[in-house]
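Visitor: from the sequence below, what's the structure:
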Amino acid sequence: MSNSIDKELCRKALEEADARKLAFIYHLKIRDSNAYEKWLNESKNSFNVKRLFRVKADPVAREGMLIDEIVIDEFPSIQGASDFMSAFDDTLKQVCSEYTVLAIVPEPSVTFYLVKGISWFVQLFKGVTDKGTPTANWKAENVAVWPDENQMKVARAQDLDEPLFVYNLNKYKPVADYKDFDEGAKKISGKDAYNRYSKIAGFELLRRGAYPVYGGKPLCLFGSREDCMLADRWDHFIFVRYPQRRNLLAIIESNEFYQGEVHRDAGLERVAIFMAKNPNKAN
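Guide: Residues are numbered from 1 along each chain as shown. Predicted coordinates for the structure are as follows:
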């Protein structure tokens, strides 16, 4: 992935990817809400864009980056994405005080339909219903790869009954770093270590009706300032939906989840995490 916010370099990265589809993930701090709503209406369905998600971010900064909304648009071609940006990019910049766009090659939509089906099956036989207010004992030791204390404090203060979306942008270690690594054991990649975590945590998600709804390979970043926290080499984007915010809070307090934490810590070098909800109560 190119970590440049230079549009020309991004355009080259997109061309080299030779992707059939392309998606833009907008990270926005809104300056003029009325003008922003107008932009949303005017840009919707233009150049064959599919506006897949629009979510309101929790009111807390991640590494100094405070945003209001995350929007995900998908295009059937790189040319369509380029034409869309030529038509609507400047207007969006004018209505936002913070403006950063991540371009990704999305994973096939059938992948997410399949995961949704698996979730339904797991719920049917191994489903769990979370009730009440989860405890607040969990705290990350390594906030480079977990939500930080402020994010968790704000997350717990939101409406626990509302659906929750969690934005995950992952950067993997070349080789997994297990603190208690046995020198005689076979070393694995950071991605493989994260996959071990995903199998454990993923089951806890699925049995609650939570699952990834979008994801893909990051290509480049453009817009915003040079020191933006997102200006890095990222390996994978994952967007996860929970039926209720309490589901996430219950999962991270579970013994099953605790067993998988070591693999996430070993495999990830860094993450960008945002928690969000639908702008309106209707889902």
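
Visitor: where does pLDDT dip in the stretch 51-200 of the chain?
Guide: Applying pLDDT under 70 to the stretch 51-200 of the chain flags residues 181-185.

Visitor: does the closest residue to Met65 other than its chain neighbours count as helix, strand or coil?
Guide: In this structure, Met65 finds its nearest non-sequential neighbour in Met229, 4.8 Å apart by CB to CB, 6 or more residues apart in numbering. For every residue, glycine as well, the C-beta is placed using N, CA and C. Classification of Met229 using DSSP: H, G, I helix; E, B strand; the rest coil returns coil.

Visitor: relative to Glu162, how far out is Met229?
Guide: Distance, Met229 to Glu162, using CB to CB, to the nearest Å: 26 Å.

Visitor: just Phe88 next, same as before
Guide: 29 Å.

Visitor: quick one on the thing from earlier: need the contact list for the residue nearest to Met65.
Guide: 62-65, 272 (CB atoms under 8 Å, 6 or more residues apart in numbering).

Visitor: now do Leu160
Guide: 133-134, 244-246, 249.

Visitor: so what's the residue sitting nearest the centre point of the chain closest to, chain neighbours aside?
Guide: Against the mean C-alpha coordinate of the chain, by CA atoms, centre = their mean, the closest residue is Tyr167 at 2.2 Å. Computed as CB to CB, 6+ apart, the closest residue to Tyr167 that is not its neighbour in sequence is Phe274, at 4.1 Å.

Visitor: that neighbour and Leu169, how far apart?
Guide: 9 Å.

Visitor: and if you look at Ala176?
Guide: Taken as CB to CB, the span from Ala176 to Leu169 is 19 Å.

Visitor: keeping just the C-alphas, turn stretch 108-127 into CSV.
Guide: Coordinates of each C-alpha in stretch 108-127 appear next as CSV, following Å, rounded to 0.1, in the frame of the first residue of the first chain:
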residue,chain,number,x,y,z
PRO,A,108,-16.0,-10.3,-3.2
SER,A,109,-19.5,-9.5,-1.8
VAL,A,110,-20.3,-13.2,-1.8
THR,A,111,-17.8,-13.6,1.0
PHE,A,112,-19.9,-11.4,3.3
TYR,A,113,-23.1,-13.1,2.3
LEU,A,114,-21.5,-16.4,3.2
VAL,A,115,-20.3,-15.2,6.6
LYS,A,116,-23.8,-13.8,7.3
GLY,A,117,-25.3,-17.2,6.5
ILE,A,118,-22.7,-19.0,8.8
SER,A,119,-23.6,-16.6,11.6
TRP,A,120,-27.3,-17.5,11.2
PHE,A,121,-26.4,-21.2,11.4
VAL,A,122,-24.1,-20.7,14.5
GLN,A,123,-26.7,-18.6,16.2
LEU,A,124,-29.3,-21.3,15.7
PHE,A,125,-27.3,-24.0,17.4
LYS,A,126,-24.8,-22.1,19.6
GLY,A,127,-26.4,-18.7,20.0
